[in-house]
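Q: Build me a structure from this.
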Amino acid sequence: MKRNYHVFLSFRGTDVRQGFLSHLYAALDQKGIYTFVDSEELRKGEEISLALIRAIEESHVAIIVFSEHYASSRWCLEELLKIMECKEKNGLKVFPMFYKVEPREVREGRDSYKRAMDNHESKLGKDSEKVKRWKKALSKAGSLSGWELNDRDERDEAELIQSIVKELSICLRPRSLSVAKHPVGLESQVQKLISLSESAGSDVLMIGLWGPGGIGKTTIAKALYNAIQKQFWGSSFLAQVREKSNQSGGLVSLQNRLLSGILHHKELTVYDVDGGISLIQERLCCKKVLLVLDDVDDMDQLNALAGKGDWFGEGSRIIVTSRDRHLLTSHDKNYVYQVKTLEDNEARYLFGQHAFTNSNKVEIRRDLIDGALHYAGGLPLALEVLGSFLRERKEPEWESTLHKLSKIPESKIDRVLKISFDGLDEKEREIFLDIACFFKGKSIKDIQEVLDSCDFDTTIGIEILIERSLIKNEWGYLQMHDLVQLMGRNIVKQECRDDPRKRSRLWLLEDVQNILYEDMVMDAVEAIVLNLCTPEKMTISPGAFANMKSLRILILRKVHISSQGPVRLPKELRWLEWPNPPDLEFVPDLKKLVRLHFKNSNIKQLGGNCQNFICLKSIEFLDCKSLASVPDLSSAPLLESIYLLRCKSLVEVHQSIGDLDKLKHLTMAECSNLRIFPNTLNTKSLQMLRLNDCFKLEKCPDILGKMEHLEYFDLRGTAIKEVPASIENLVSVKTIDLGFCKNLTRLPSNIHKLKNLESLYLSCCSNLAKFPKNLEDSIDLDADLFSSLKWLDLQDCDLSEAEFLENASSCPKLRHLDLANNKFTHLPTCFNKYDH
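A: Next up is the predicted model:
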């Protein structure tokens, strides 16, 4: 079914339309969540209109806002019936919002809901079938999990709305999986499995997909998942189970992913495997779910994730892919399906799609094509990789490649993959090995940042690897077949099988532990990346990293390291990402460092260390509670991002920050003791400034010269007293947030000149008292004032008049105006001009 809306909102307009609902709609709209809110024109008569029926059917999610008078409306009750019908038949996700009513009032028909039903019965008859259906729908909807807001709730509406938006954003993530660019031979196999699923009816069916690596098990599982997922209450596709489960805490992490994928609006946390098993059984035993476990190789994985069919509700389908037939037949599987290699004509077609392009005029002998097909053996992965490798090559190169393939004493698939790797140039091999060892499944943007810091031409390198079918771009993330990854990692292991100190890349905890305790030279090591699921402790030598003369990447997540002295860092280091680091010693000539990321560090000041960071582009310090100052950074001219969050001891930031030409993002948020900040900003590249919740910051910086790129300006919750007139230089700003600036007494009159400003937040500026008028001597009378402003929040500002809105040309695009809790004695007459 086509889904035209993300969310359908069902509500009683008289209760919530002007307050809670409008705020919720605006927040959803800001996040790009397309929401259907009906107009009063659609609510004529007592029967639900066809337009509303279509809107409900074409929505992914329905939110029912149960308020005091919701059940008094026959219209709302008919809407509710349709929503619950679509929930049962079409898989519509339904979440109740209990707005100043208790869930039991709705569920059990108490208080205002009892009075409403009694009133309907008095008009339609006590035995009315319609009333009975309404009561049943209310009981079912009232039993669902959702959100509550009542007068006793400590959360305010804004906080609740942000929580709703966050959960819906997760719920509405694209669920369709990327299958294959050329889905050859797929349809017939998937159709067999769909028929098998349909024939099982309400039984719980567990299907095993069996075959060798590269044959297309995952591709078939993805296509099947896409084809049938909408038939289920919830679904989850757990990819790379073998790989993930071998990581520390891997099975627990997979159990968490399974539950969050299906019960995405639930806040459940698994702490151990046994607890996860209990939670899966308890929460899913009555749910019709679709679960795919991809690449399983151990019975413990199956027992932890899908032990028995009775873990899941009637009609559930559990799909497991594995290379181990015995594993599938030993488990409680109803059916094992052997995935077939491609037929000759299918293999020839798929190979041709990769080996030949429309612009390729090279003629290749049929016997050479047949030879390539022979070595690929009908395996889709081998056909893709070999075809991509041979594309645009001439016959002598084909002959040479086939000769090499005949000499490699490995399986057909291994031969093909190794040939493709050997055909890369040196830099492309380095990029490939980094991705295979560390960055599979990561975003392309993040990978490019890391590898660009190592002087690789990453953009072109990734394009070549994609062209060779060694990696794939899936929704902005890089993926590779596990056999391709295994080949890459084996290449690194073969550099020295017995001694990890002589390998270029390290990614296993045990290998890293074995080498870091010793103080020995390790020139071969170029990169160490540990990304653990659960925290691990480790003791290292202070000079362990300094002895790695070639180390360029160091990423240590969830590794708590102790040392007998400050840990020294090597001068070749480009990328340092280390939450919870010990004391560190920066060598004076650490000139190649591009990124510096700490979390929960005890570092007190950067001191003179930054004077030599001439390549540094990014500084990120999170919860570094001892950091007291940011020094002169003028000798770090390439800085693009400074992100300091919750650095509670930070008092002073050097003036040089305000003069960094390439700085794009400047965040120093929740630094509660920050007092001294640059008096002026001359950062022409700046796109975002966030100083929110720096409670002791009293001065807003002057803006020197026009800032063409800055769109977000946030000083919310600071102690500033005024905003300088130079704010007019923020010519591209779209959002200004000055909410909760309780010392703010005035705004400059020229703030009206900000032609691109869309949102202005000034809530709880209790000393503002007066919003600036549109002064004739400072404003072009022929120009619209606040010409792009859509959202203006002035609640709790102690205002008594709204003359600033009276000008005929003021705020022509305004959509939301909040003047709550001010001192108005009458509504501004300007309201009449706003018809939107």
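
Q: State the distance from Asp455 to Leu551.
A: Remark: distance between Asp455 and Leu551 (C-beta to C-beta, to the nearest Å) = 15 Å. Every residue, glycine included, has its C-beta placed from N, CA and C.

Q: Comparing the two, which shows the higher neighbour count?
A: Leu551 (24 against 12; other C-beta atoms under 10 Å).

Q: For the helix or strand of the chain with the lowest mean pLDDT, C-alpha coordinates in PDB please.
A: Ranked by mean pLDDT, DSSP states H and E, the helix or strand of the chain with the weakest confidence is helix 13-16, at a mean of 73. Presented in PDB, the C-alpha positions along helix 13-16 are these (Å, rounded to 0.1, in the frame of the first residue of the first chain):
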ATOM      1  CA  GLY A  13      -9.800  20.100  18.300                       C
ATOM      2  CA  THR A  14     -11.400  22.000  21.100                       C
ATOM      3  CA  ASP A  15      -9.100  20.400  23.600                       C
ATOM      4  CA  VAL A  16      -5.700  20.600  22.000                       C
END
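
Q: which of the residues in that helix are buried?
A: 13, 15-16 (16 or more other C-beta atoms under 10 Å).

Q: cool, stretch 335-342 as well?
A: 336-337, 339, 341-342.

Q: List of residues touching it?
A: Contacts to stretch 335-342, defined as C-beta atoms under 8 Å, 6 or more residues apart in numbering, come from residues 184-185, 189, 192-193, 196, 205-211, 215-217, 220, 325, 328-329, 347, 350, 377-380, 383.

Q: Give me the mean pLDDT for it.
A: Stretch 335-342 comes out with an average pLDDT of 91.

Q: what's the span of that stretch from first residue to last?
A: End-to-end distance for stretch 335-342: 22 Å, by C-alpha to C-alpha, to the nearest Å.

Q: follow-up on the earlier one: among the contacts of stretch 335-342, which ones are buried?
A: 184-185, 189, 193, 196, 205-211, 215-217, 220, 328, 347, 350, 377-380, 383.

Q: in this protein, which residue is closest to the centre?
A: Residue closest to the average C-alpha location in the chain (C-alpha atoms, centre = their mean): Ile170, at 8.2 Å.

Q: sec struct for that one, please.
A: With DSSP: H, G, I helix; E, B strand; the rest coil as the basis, Ile170 sits in helix.

Q: helices or strands up against the one helix or strand Lys537 maps to?
A: Lys537 belongs to strand 527-540 when elements are defined using DSSP states H and E. Here strand 527-540 touches helix 250-262, strand 505-506, helix 509-516, strand 553-563, going by 3 or more C-beta pairs under 8 Å, 6 or more residues apart in numbering; DSSP states H and E.

Q: Show the subsequent helix or strand relative to the first one.
A: So the one you mean is helix 250-262. helix 273-284.

Q: quick one, that following helix and helix 250-262 angle?
A: 20 degrees (axes from the mean of the first three to the mean of the last three C-alpha atoms, to 10 degrees).

Q: which residue sits closest to Leu697 in space, ignoring its chain neighbours?
A: Thr718 (4.5 Å; C-beta to C-beta, 6 or more residues apart in numbering).

Q: list the contacts for that neighbour?
A: 691-695, 697-698, 700, 741.

Q: tell me the SS of the nearest residue to Lys699 once chain neighbours are set aside?
A: Among residues not flanking Lys699 along the chain, Ile720 sits closest, at 6.4 Å (C-beta to C-beta, 6+ apart). When classified by three-state DSSP, Ile720 comes out as coil.

Q: still on that earlier bit, which member of the buried residues of stretch 335-342 is positioned nearest Leu160?
A: Of all those, the one sitting nearest Leu160 is Tyr337; the distance, using C-beta to C-beta, is 46.9 Å.

Q: Show me what the closest one is bridged to.
A: Beta bridges link Tyr337 to Leu209, judged by DSSP bridges.

Q: before we move on, the earlier item: go through the buried residues of stretch 335-342 and say which is closest to Lys100.
A: Tyr337 (53.2 Å).

Q: Look up how far Ser330 lies from the closest one.
A: 16 Å.

Q: So the protein: which segments form each domain?
A: Annotated domains of the chain cover 5-171, 187-338, 341-423 [automatic domain parsing].

Q: Identify whichever of those domains lies nearest to Phe439.
A: Among the domains of the chain, domain 187-338 sits nearest to Phe439 (C-beta to C-beta), with 13.5 Å.

Q: Where do the helices of the stretch 251-400 of the chain begin and end?
A: For the stretch 251-400 of the chain, the helices defined by DSSP state H, counting those that start in this stretch cover 273-284, 299-305, 325-330, 344-355, 366-376, 380-390, 395-407.

Q: Just name the most buried of the ones you listed.
A: Among these, helix 380-390 has the highest mean neighbour count (mean count of other C-beta atoms under 10 Å), at a mean of 26.

Q: Is it correct that Asp295 is in contact with Thr218?
A: Yes. If you go by C-beta atoms under 8 Å, Asp295 and Thr218 touch, sitting 7.0 Å apart.

Q: so what sits against both of those two?
A: Joint contacts of Asp295 and Thr218 (C-beta under 8 Å, 6+ apart) are 239, 321.

Q: More neighbours: the two, which one.
A: Of the pair Asp295 and Thr218, Thr218 is the one with more neighbours under other C-beta under 10 Å, namely 25 against 22.

Q: and that one, what does it touch?
A: 239, 294-295, 321 are the contacts of Thr218 under C-beta under 8 Å, 6+ apart.

Q: With Ala372 instead?
A: With C-beta under 8 Å, 6+ apart, Ala372 has these contacts: 351, 355, 386-387, 390, 398, 401-402.

Q: cutoff 10 Å now
A: 347-348, 351, 355, 364, 382-383, 386-387, 389-390, 398, 401-402, 405, 416 (C-beta atoms under 10 Å, 6 or more residues apart in numbering).

Q: quick one: which of those is nearest Leu660?
A: Phe389 (45.3 Å).

Q: quick one, what contacts the closest one?
A: 354-355, 372, 397, 401, 416-417, 419-424, 467-470.

Q: Can you say which of these are buried?
A: Buried among those by 16+ other C-beta under 10 Å: 354-355, 372, 401, 416-417, 419-421, 423-424, 468-470.

Q: among those, which two are most distant?
A: Pairwise over those, using C-beta to C-beta, the maximum falls at Ala372 and Leu424, 18.9 Å.

Q: Which residue ranges of the stretch 401-550 of the chain form strands?
A: Using DSSP state E, counting those that start in this stretch, the strands of the stretch 401-550 of the chain run over residues 472-474, 477-479, 505-506, 527-540.

Q: Sheet partners, orientation included, of the last one?
A: So that's strand 527-540. When DSSP bridges is applied, strand 527-540 pairs with strand 505-506 (parallel), strand 553-563 (parallel).

Q: Surely Phe545 is in contact with Ile553?
A: No. When contacts are counted by C-beta atoms under 10 Å, Phe545 is not listed as touching Ile553 (11.6 Å).

Q: residues in contact with the nearest residue to Glu343 once chain neighbours are set aside?
A: Spatially, and ignoring its direct neighbours in sequence, Glu343 is nearest to Gly185 (6.7 Å; C-beta to C-beta, 6+ apart). By C-beta under 10 Å, 6+ apart, Gly185 lies in contact with 216, 219-220, 339-343, 345-347, 349-350, 378, 380.

Q: Out of the residues you listed, which is nearest to Gln247?
A: Using C-beta to C-beta, the contacts of Gly185 come closest to Gln247 at Thr219, 24.3 Å.

Q: Spit out the contact partners of the residue nearest to the closest one when sequence neighbours are not counted.
A: What sits nearest to Thr219 in space, not counting adjacent residues and going by C-beta to C-beta, 6+ apart, is Ala180, at 5.2 Å. Neighbour list for Ala180: 186, 216, 218-220, 222-223, 350, 380, 384, 472 [criterion: C-beta under 10 Å, 6+ apart].

Q: remind me which residues of the stretch 101-250 of the chain are low pLDDT?
A: Applying pLDDT under 70 to the stretch 101-250 of the chain picks out residues 151-156, 173-175.

Q: mind listing the helices for it?
A: Under DSSP H, counting those that start in this stretch, the stretch 101-250 of the chain gives helices at 103-108, 111-124, 129-142, 157-171, 187-199, 217-228, 241-245, 250-262.
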